[in-house]
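K.L.:
Give me a model of this one.
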Amino acid sequence: MLSNHFENGMDMARLAWSRLPHSEDGELDGVGLLSTSSNRNGVESLDYEVIENYAYREEQAQRGKFFVGYNVAVKWFFALLIGIGTGLAAVFINISVENFAGWKFSLTFNIIQKSYLAGFLMYILINLALVFSSVYIITHFAPAAAGSGIPEIKGYLNGIDIPGILLFRTLIGKIFGSIGSVGGGLALGKEGPLVHTGACIASLLGQGGSTKYHLSSRWLQGFKSDRDRRDLVTCGCAAGVAAAFRAPVGGVLFALEEVTSWWRSQLMWRVFFTSAVVAVVVRVAMGWCKSGNCGHFGAGGFIIWDISDGQEDYSFEELLPMAVIGIIGGLLGALFNQLTIYVTRWRRNYLHKKGNRVKIYEACLISVLTSVISFGLPLLRNCSPCPDSDPGSEIECPRAPGADGNYVNFYCGKDKEYNDLATIFFNTQDDAIRNLFSAKTIHEFSAKSLLTFLVMFYTLAVVTFGTAVPAGQFVPGIMIGSTYGRLVGIFTVNHYKKLNIDEGTYALLGAASFLGGSMRMTVSLCVIMVEITNNLKLLPLIMLVLLISKAVGDVFNEGLYDEQARLRGIPLLESRPKYVMRKMTAREACGNQKVLSLPQVVKVADAVSILRSNKHNGFPVVDHTRDGEPLVIGLMLRSHLLVLLQSKIDFQHSPLPSHSRSGSGAIRSTIFSAN
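P.N.:
Sure, this is the predicted structure:
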């Protein structure tokens, strides 16, 4: 049947090309697409459109109602598997990171009871070992797993196929690399890589597993087209966000707002179902861990920073400092994007060209620098006396280093003292954010300590982003924003002299403003912040700071993921054309590249000559009106043209009478036209 040619179009295209006469060997690779062997950064386009032709209509007519129902049932079953797989991967990553961090802090604390120098060296070595394992996995096993993976997935869902981003080894490298990099204390998060992890799981399920590692199953190979795999990858992206933040609605909106360039109501239901499955899996895992089966897994569990007991109301006077938080978030977010662009270009042009060994040295050096700063700076800070606690308060002062909660006792001479800088520096990022968001802890952090942490962590986040490890920017962005938000909260409390103003509320608004100023998300980010803080009363304030920070950031540059996609050579098609493109002609858009078009009927020799003379993947089909004006009536893809040539070759070599081959010297190119 003719439809089989289209299901295996690429294989047929390679076979057809091998039979064509070549004037120069090695001029083209395969079907003339970018060669991944000669150009490691080469990307190819995906075909998401349905080609309405005779073969497609004939195949659809042969499918009955049973096949349609079976196809829909399999898609929902795959959505269930994606949710379960992504949820289990998130649980495994979180438990591993919490346990490595718990062992690290408990061992370090036991050693510093005898010697701070020995504890300092042990702390550096543990972090260095974890980071080394992460960067070694990336450089020697899964290079495509470096970074957050969101720009690559966004490009894939926009129609760009980037080699290696959805492979099984990329999934393994993403999971174990995230454990090492986040557990090693680097200024990055695991939430961005979880989006990539969910996309890999969805893609592997769609293609039946991994054939290279003999982990494939034929009964799972139900979706071979790019369109169906795109839908599955979308479910995986939403599942990754839902698993990272325990925010199922935020995951659906993230997929809609940030990564997809299209949307359908049928897909929305499956994405929502996948996110709901993830939420159930995570909740079951948390219930199991509460019984003490997860080792050092914190009492807070997954990332939910509950501030429901915080500030209940706000006055009109507070809108001004909250607007200032939005402006600061837009400025610092735009600056962060610009600095990461400069650092990424420098790495690409000078550092990473020297090989994997230099990448390993770089990550290890940053690990040592981060450990020295997080351990050494609190030693230089004077301790503060513990505040008078309320009789009904559950907040204890002081606490041991590495323990959950506020008021950490670190290098303090007295028992009733705490080190505010160690409370956020010498701690896991999740616990540090929980301390910054905490309510009813007025004056816990001094302005000097917050400013010191802001400058140092901001610098570390810029330097760390772009190293050869899985790196997300959600949690570092929340830490940066919550720090200057708490600073503004301190000044607001001192200025207005009101007891109902909570510094933790301003920390939350600061976190939302920095993420909005850097990533330029609004709706999905707003819902995620509400879900992870469990405080719906702050929704109008979060919306306010997000709108202000995004407006300020858009003045200077684009969002973080768009800028990184451009740096990595991922062509993203905007939803709307630029203003300068509104009056641009096709000739101006093509520049110096010569466009080759096809008539409605083209000779085989001319088609062969066109294929051999260029590397274009598409050829416009041009007709002429009665007045002689050229008119584009469709587009012929290179792979489709090669399939037609293969069919023509097979026809000419078939045992038919010669008089049955009339017209065999030409092919009709409009069979694949847009009409």
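
K.L.:
Work out the gap between stretch 75-85 and the centre of the chain.
P.N.:
20 Å (Cα atoms, centre = their mean, to the nearest Å).

K.L.:
Make residue 1 into 135 and carry on from there
P.N.:
Yes, from this point I'll number from 135; that puts the last item at stretch 209-219.

K.L.:
Alpha carbons of it, as PDB, please.
P.N.:
C-alpha atoms of stretch 209-219 as PDB (Å, rounded to 0.1, in the frame of the first residue of the first chain):
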ATOM      1  CA  LYS A 209      -3.200   7.800  24.200                       C
ATOM      2  CA  TRP A 210      -4.900   8.000  27.600                       C
ATOM      3  CA  PHE A 211      -3.000   4.900  28.800                       C
ATOM      4  CA  PHE A 212       0.200   6.600  27.800                       C
ATOM      5  CA  ALA A 213      -0.800   9.700  29.700                       C
ATOM      6  CA  LEU A 214      -1.200   7.500  32.700                       C
ATOM      7  CA  LEU A 215       2.200   5.900  32.300                       C
ATOM      8  CA  ILE A 216       3.900   9.300  31.700                       C
ATOM      9  CA  GLY A 217       2.400  10.600  35.000                       C
ATOM     10  CA  ILE A 218       3.500   7.500  37.000                       C
ATOM     11  CA  GLY A 219       7.000   7.400  35.500                       C
END
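
K.L.:
And the residue lying closest to residue 551 once chain neighbours are set aside, how far from residue 557?
P.N.:
The shortest distance from residue 551 to any non-neighbouring residue, by Cβ to Cβ, 6 or more residues apart in numbering, is to residue 517 (3.9 Å). Where you see a C-beta, it was placed from the backbone N, CA and C, and this is true even at glycine. Separation of residue 517 from residue 557 (Cβ to Cβ, to the nearest Å): 11 Å.

K.L.:
Measure how buried the residue nearest to residue 551 is and give me the count.
P.N.:
For residue 517, the count of nearby residues is 21 (other Cβ atoms under 10 Å).

K.L.:
Give me the most central residue, the chain.
P.N.:
Centroid-nearest residue in the chain, with Cα atoms, centre = their mean: residue 284, separated by 2.3 Å.

K.L.:
what residues are up against that one?
P.N.:
Shown in contact with residue 284 (Cβ atoms under 8 Å, 6 or more residues apart in numbering): 326, 329, 330, 392, 393, 695.

K.L.:
can you redo those as TSV with secondary structure?
P.N.:
Below are the contacts of residue 284 laid out as TSV (DSSP: H, G, I helix; E, B strand; the rest coil):
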residue	secondary structure
326	helix
329	helix
330	helix
392	helix
393	helix
695	helix
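
K.L.:
Max pairwise distance over those residues: which two?
P.N.:
Maximum pairwise distance in the contacts of residue 284, criterion Cβ to Cβ, is 13.3 Å, between 330 and 392.

K.L.:
which residues of the stretch 535-684 of the chain fall in strands?
P.N.:
551-552 (DSSP state E, counting those that start in this stretch).

K.L.:
Provide a list of residue ranges in it with pLDDT below threshold.
P.N.:
Residues of the stretch 535-684 of the chain meeting the criterion pLDDT under 70: 535-539, 632-633.

K.L.:
Just the helices from it, written as ranges.
P.N.:
Secondary structure of the stretch 535-684 of the chain by DSSP state H, counting those that start in this stretch: the helices cover 554-559, 563-571, 581-598, 608-630, 637-653, 657-667, 673-688.

K.L.:
Okay, domains of this protein per the record?
P.N.:
206-515+564-711, 724-792+799-807 (the TED database).

K.L.:
Return the most buried member of those.
P.N.:
Scoring the domains of the chain by mean neighbour count under mean count of other Cβ atoms under 10 Å gives domain 206-515+564-711 as the most buried, with a mean of 21.

K.L.:
End to end on that one, go ahead and measure it.
P.N.:
End-to-end distance of domain 206-515+564-711 (Cα to Cα, to the nearest Å): 35 Å.

K.L.:
Can you pull the phi/psi pair for the residue nearest to residue 551?
P.N.:
Main-chain dihedrals, residue 517, degrees, to the nearest 10: phi -80, psi 160.

K.L.:
OK, contacts around it?
P.N.:
Counted by Cβ under 8 Å, 6+ apart, residue 517 has contacts 543, 544, 545, 546, 547, 548, 551, 552, 553.

K.L.:
Just the buried residues from those residues, in ChimeraX please.
P.N.:
Those of the contacts of residue 517 that count as buried under 16 or more other Cβ atoms under 10 Å are selected in ChimeraX with:
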select :543,544,545,546,551,552,553
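
K.L.:
where does this protein have low pLDDT?
P.N.:
135-177, 185, 187, 343-358, 430-447, 523-529, 534-539, 632-633, 724-727, 781-809.

K.L.:
for it, what spans make up the strands?
P.N.:
178-179, 294-295, 343-344, 349-350, 518-519, 551-552, 735-737, 752-758, 764-771, 800-802 (DSSP state E).

K.L.:
can you redo these as TSV with distance to residue 530?
P.N.:
Output for these, formatted as TSV (distance: least, Cβ to Cβ, whole Å):
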stretch	distance to residue 530
strand 178-179	58
strand 294-295	52
strand 343-344	49
strand 349-350	49
strand 518-519	15
strand 551-552	10
strand 735-737	81
strand 752-758	67
strand 764-771	67
strand 800-802	81
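
K.L.:
For residue 252, which of those strands is the nearest?
P.N.:
Using Cβ to Cβ, the nearest of the strands of the chain to residue 252 is strand 551-552, at 22.8 Å.

K.L.:
Point out the other helices and strands that that closest one packs with.
P.N.:
strand 518-519 (3 or more Cβ pairs under 8 Å, 6 or more residues apart in numbering; DSSP states H and E).

K.L.:
Which residues does the strand it packs on contact?
P.N.:
Outside strand 518-519, the residues within contact range by Cβ under 8 Å, 6+ apart are 548, 550, 551, 552, 553, 554, 580.

K.L.:
Same check on stretch 591-598?
P.N.:
With Cβ under 8 Å, 6+ apart, stretch 591-598 has contacts from 320-322, 466, 470, 473-474, 477, 500, 503-504, 507, 605, 607, 610-611, 613-614, 617.

K.L.:
any idea how far residue 225 is from residue 218?
P.N.:
For residue 218, the distance to residue 225 equals 11 Å [Cβ to Cβ].

K.L.:
what touches both of these two?
P.N.:
residue 415.
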